[in-house]
Every structure is written in C-alpha cells, then in structure tokens.
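Asker: Got a sequence here, can you build the structure:
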Amino acid sequence: MKLPAGGGIATKICDLERLPRGGTWSGETIVFAQLEDRLFQVSAGGGVPVPVTELTGKENGHRWPQFLPDGRHFTYMTHELLNKVYIASLDPGEPRRLVAPERGVVTDMVSRAFAFSGIPVDGGARHAAGAATQRERDGPGRRAAIADPGHS
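Answerer: Below is the predicted model of the structure:
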C-alpha cells in the first residue's frame, strides 16, 4: 500500500504471494523480497511484479534489497547456509557478489543497513571499492560484522 505523505487514501501497489523480506524504492521503481523467493520489481504507481533476480545453487531466497544512490543498482543478501551480499541492477546483467562471509562471521539480517554503510561500493562496475568494516550497533552487546573479501 502507498499512502500520500500529506495524508489521504492509501492505494494498492501490488499483491504479495508470500511474507515480505524487505523492500527499497527509487524514483518510480520498487524492488522487494518475499519469503523464500527471488526479488521482484514493480512500478511505484502499481502493477504486476516481475522478477529482477533468479535463485541459483543452494539459495533459498533473496532478501533485504537496498538501492544505491544512482537509483539503478541495488544490493541484497542471499538466504542460504552462509549468506552472501550481491549487487545487481535494474538494467540487464548478472548480479555480482560483494561479500561472502566465512564461518564465524556474524551477519545481521534484521538490520541490513550495516552491510551497505560498511562497504564502499562502485555501482557502475558492480563491485566493492574497498575493505569491509565492523561497527558497533545501537544497544548493549549488539555487534554487526561483515567479511573483507580480500582478507583470509
């Protein structure tokens, strides 16, 4: 549902077949995730969602999409044994992996913002432009970390 910022009547954007797992909005496009499924895009004005990613290998879902500032590229996490962070585009092309955590590295899927503020990203080239960082999260004892792809 979409509600005008100044108030008014909510309008339906699209139907969901499964529970939502994050969404991001840029201009006239919304990219969203559903439980155990690929990502979809839909017009902000409403319509029928179309797939924007495909599941591969052992992935059983794509989650927590987040548009980059250019409004065309976005990042997302896979849902599998070891979650990975990818960058993709609304334009044709294969997604590229940004981060593949090793065993023991904590990824916080509930608060996805750390993953995207912790890695400088070159959207046009679809790759990480620097090392990942670790930062404290709000709240006692809560830490989020992601792996540096060049660190062993």
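
Asker: Stretch 70-90 - what's its average pLDDT?
Answerer: In this model, stretch 70-90 has a mean pLDDT of 87.

Asker: how long is that stretch end to end?
Answerer: For stretch 70-90, the separation between the terminal residues is 11 Å (CA to CA, to the nearest Å).

Asker: Equivalent analysis for stretch 30-48, please.
Answerer: In terms of CA to CA, the two terminal residues of stretch 30-48 are separated by 12 Å.

Asker: Please point out which parts of that stretch sit buried.
Answerer: Ile30, Val31, Phe32, Ala33, Gln34, Asp37, Arg38, Leu39, Phe40, Gln41, Val42 (16 or more other CB atoms under 10 Å). The C-beta positions use only the backbone N, C-alpha and C, and glycine is treated the same way.

Asker: Just give me the closest of those residues to Phe67.
Answerer: Val31 (7.1 Å; CB to CB).

Asker: and the closest one, bridged to which residues?
Answerer: Thr24, Gln41 (DSSP bridges).

Asker: and the gap between it and Gly7?
Answerer: Separation of Val31 from Gly7 (CB to CB, to the nearest Å): 26 Å.

Asker: Would you mind giving the buried residues of stretch 30-48 as a markdown table with distance to Glu54 and pLDDT added?
Answerer: Shown next, in a markdown table, are the buried residues of stretch 30-48 (distance: CB to CB, whole Å; pLDDT from 0 to 100):
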| residue | distance to Glu54 | pLDDT |
| --- | --- | --- |
| Ile30 | 19 | 95 |
| Val31 | 14 | 96 |
| Phe32 | 16 | 95 |
| Ala33 | 13 | 93 |
| Gln34 | 14 | 91 |
| Asp37 | 10 | 92 |
| Arg38 | 6 | 94 |
| Leu39 | 9 | 96 |
| Phe40 | 11 | 96 |
| Gln41 | 13 | 96 |
| Val42 | 17 | 96 |
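
Asker: Kind regards, and thank you for your time.
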